[in-house]
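Enquirer: here is a sequence with its predicted model. Questions after.
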Amino acid sequence: MPVAEDLEAPVHERRLAPWRDGIGSSATAHEHRLLVAARPALPWLNWLGTFAKPLMKVPRLGWITADPLTARSVLNDPEHFTLLSEGGVGHLWAQILGDWVYDLFDGAGHYDLRTRSRELFTEKTSFAFVEAAWGSRVRAARASFEAGEPLDVARLSRILVGQMVVTLLGMPVVGDGDDAYLEIFETGEELASIALGTTADTVLPPEKIAKAREIVERLTGHIDVAFATAPTSTIIGRCRELGLSIRETKGLSTLLMVAGTETAASAMARTAALLDDTGEQHRLIADRSLTENAVREALRVTSPAPIIGRSVLADLTIAGRHLTAGERIIVLTWTANNLAGEYRIDRPYIPQNRQLWFGAGRHLCLGGPLARAELTAMIELLVGNGMPYRVVSREYGRKVLIPAYRSLVVQKLD
């Protein structure tokens, strides 16, 4: 069972004790409780990160940093850091997808792949994707919400993300309506959960590898047949037009499922909570020109992918510390972003944190524009009619890779 808001046990407060002096609002407290419920060790790691400016070595974990400039230096330095060795996400996926990952994820083929696929998600195409995938479903949800019906934003977010995956990948759907899209989302969630417990060790046991490969086949098996004729309104068709191979298309599709499902759903529900918990929805209703800022701030504060791992490829000195080849470094993106302050939609642009929630360098999230379009659509649904809402109830998701609300029910104020 998820941890319900009315069951906030004292143990949660004890686990958050190191952060207690820094929790000054309901919004911050809820975010920390959400992190505890997802992965109990995560708040402690984030707390350690407050001392890792610029770098600190932690037994069993390796180096950690929560300094935005150091983080950016790490993520922008492929000569000294890699995600393909133990400690990096590429190392994990190579065990599941095969050795070709070593070329396409970070090798010579990666630059070529990024170059040819960078037009997949522009600001224009992303908003078009959102309208095509979600238009009618969002309008229906908005109509009932504005009529006074309660809305579970967390559940709707999972439905919408599942629907987006189906639209982008041209996936066959078994069944009709919301349940079918929820099943697609849950399959992606199941795949992402393979990474649970790999913070300290990215070597997967054989049973996990076998399970992950079966899930990948369920999600991408249709591409072999669909590739030649898939319409260009799908990612498969766009990949074909850009000259990507079936193997590359399957790789991108798998990444989309892992990187763009739980993170997107998490960000949408958490944004809904933040707007109410901080009261910033009232400022946004009064000045809709702040919507872009509201989206950027939501991504900064939630940082749905809270850590990024790399392996040290070659000896170097960075931020006054000497790192040796074979060591690991963890970039604490959530901590680095949240040290800038609480959610505030009129916060000026922070250059050192720019898009750090999407990573940096050659692995900057390809779907960043799509995530912004999705968040914009959710914000429009919530405050588009100029009337405020309130959170009626919430449940935190437990033991999940990406911290997220299991349920977040909101309702328009009378």
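Expert: Received it, and whenever you're ready, just let me know what you need.

Enquirer: please make it C-alpha for all contacts and neighbour counts, starting now.
Expert: Noted.

Enquirer: which residue packs closest to the most centrally placed residue in the chain, ignoring adjacent ones?
Expert: Using C-alpha atoms, centre = their mean, the residue of the chain that lies closest to the mean C-alpha position is residue 263, 2.6 Å off. Leaving aside its chain neighbours, residue 263 sits nearest to residue 304 (5.2 Å; criterion: C-alpha to C-alpha, 6 or more residues apart in numbering).

Enquirer: likewise for residue 383?
Expert: Counting by C-alpha to C-alpha, 6+ apart, the residue nearest residue 383 is residue 285, at 6.5 Å.

Enquirer: how much space between the one you found and residue 181?
Expert: Counting by C-alpha to C-alpha, to the nearest Å, the gap between residue 285 and residue 181 amounts to 31 Å.

Enquirer: same thing with residue 34?
Expert: Distance from residue 34 to residue 181, by C-alpha to C-alpha: 24 Å.

Enquirer: re the thing from before, pick out whichever of residue 285 and residue 181 has more residues nearby.
Expert: Neighbour comparison, residue 285 and residue 181: the larger count goes to residue 181, with 23 against 17 (by other C-alpha atoms under 10 Å).

Enquirer: bridged to residue 329, which residues?
Expert: Residue 329 has these beta-bridge partners by DSSP bridges: residue 63, residue 310.

Enquirer: tell me, what's the model's pLDDT at it?
Expert: The per-residue pLDDT reported for residue 329 equals 94.

Enquirer: residue 99 now?
Expert: Looking at residue 99, the pLDDT reads 78.

Enquirer: for this protein, just list every one of the strands.
Expert: 3-4, 56-58, 62-65, 81-82, 151-152, 307-312, 316-318, 321-323, 328-332, 389-396, 405-412 (DSSP state E).

Enquirer: can you put those in CSV and add distance to residue 356?
Expert: Shown next, in CSV, are the strands of the chain (distance: least, C-alpha to C-alpha, whole Å):
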stretch, distance to residue 356
strand 3-4, 29
strand 56-58, 19
strand 62-65, 13
strand 81-82, 17
strand 151-152, 29
strand 307-312, 10
strand 316-318, 19
strand 321-323, 22
strand 328-332, 10
strand 389-396, 25
strand 405-412, 22
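
Enquirer: may I see those strands arranged in TSV, with mean neighbour count and distance to residue 357 as well?
Expert: TSV is the format used below for the strands of the chain (neighbours: other C-alpha atoms under 10 Å; distance: least, C-alpha to C-alpha, whole Å):
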stretch	mean neighbour count	distance to residue 357
strand 3-4	18	26
strand 56-58	15	21
strand 62-65	23	14
strand 81-82	26	19
strand 151-152	22	25
strand 307-312	24	9
strand 316-318	12	22
strand 321-323	14	24
strand 328-332	26	10
strand 389-396	20	21
strand 405-412	22	19
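
Enquirer: name the single longest helix found in the chain.
Expert: Longest helix in the chain, counting residues (DSSP state H): helix 123-146.

Enquirer: now do that one: everything it contacts.
Expert: Residues outside helix 123-146 that contact it (C-alpha atoms under 8 Å, 6 or more residues apart in numbering) are 151, 160, 163-164, 167-168, 369-370, 373-374, 377, 381-382, 385, 411-412.

Enquirer: list the contacts of the nearest residue to residue 227 once chain neighbours are set aside.
Expert: Counting by C-alpha to C-alpha, 6+ apart, the nearest residue to residue 227 once its immediate chain neighbours are dropped is residue 236, at 6.1 Å. Neighbour list for residue 236: 168, 169, 170, 223, 226, 227, 230, 249 [criterion: C-alpha under 8 Å, 6+ apart].

Enquirer: mind checking pLDDT for residue 107?
Expert: Confidence score, pLDDT, at residue 107: 66.

Enquirer: again, but for residue 2
Expert: 34.

Enquirer: state the distance from residue 405 to residue 341.
Expert: Counting by C-alpha to C-alpha, the gap from residue 405 to residue 341 is 22 Å.

Enquirer: for the nearest residue to residue 300 once chain neighbours are set aside, give me its contacts.
Expert: Spatially, and ignoring its direct neighbours in sequence, residue 300 is nearest to residue 337 (5.6 Å; C-alpha to C-alpha, 6+ apart). Contacts for residue 337 (C-alpha under 8 Å, 6+ apart) come out as 68, 300, 301, 303, 353, 356, 357.

Enquirer: the residues you listed in helices, which ones?
Expert: 68, 300, 301.

Enquirer: let me have the residues you listed in TSV, extended by pLDDT, neighbour count and distance to residue 39.
Expert: Compiled in TSV, the ones in helices among the contacts of residue 337 are given as follows (pLDDT from 0 to 100; neighbours: other C-alpha atoms under 10 Å; distance: C-alpha to C-alpha, whole Å):
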residue	pLDDT	neighbour count	distance to residue 39
68	94	23	23
300	96	27	19
301	96	27	17
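
Enquirer: which residues of the stretch 51-200 of the chain score low on pLDDT?
Expert: For the stretch 51-200 of the chain, the stretches with pLDDT under 70 are 87, 107, 198-200.

Enquirer: mind listing the helices for it?
Expert: In the stretch 51-200 of the chain, helices defined by DSSP state H, counting those that start in this stretch lie at 68-75, 89-97, 101-104, 108-117, 123-146, 153-169, 177-192, listed in chain order.

Enquirer: most packed of those?
Expert: helix 153-169 (a mean of 24; mean count of other C-alpha atoms under 10 Å).

Enquirer: could you say what helices and strands that one packs with?
Expert: helix 123-146, helix 177-192, helix 235-241, helix 262-277, strand 405-412 (3 or more C-alpha pairs under 8 Å, 6 or more residues apart in numbering; DSSP states H and E).

Enquirer: now do the buried residues in the third one.
Expert: Within helix 235-241, the residues that qualify as buried are 235, 236, 237, 238, 239, 240, counting by 16 or more other C-alpha atoms under 10 Å.

Enquirer: ok, so of these, who is nearest residue 272?
Expert: Of all the buried residues of helix 235-241, residue 272 sits closest to residue 235, with 28.6 Å by C-alpha to C-alpha.

Enquirer: the closest one contacts residue 166, doesn't it?
Expert: No: applying C-alpha atoms under 8 Å as the test, residue 235 and residue 166 come out as separate, 10.2 Å apart.

Enquirer: phi, psi for residue 400 please.
Expert: Taking degrees, to the nearest 10, you get phi -120, psi 150 for the backbone angles of residue 400.

Enquirer: please apply the same query to the one 4 residues further on.
Expert: Phi and psi for residue 404, reported as degrees, to the nearest 10, are phi -160, psi 150.

Enquirer: residues contacting it?
Expert: 34, 38, 262, 265, 266, 267, 269, 270, 396, 397.
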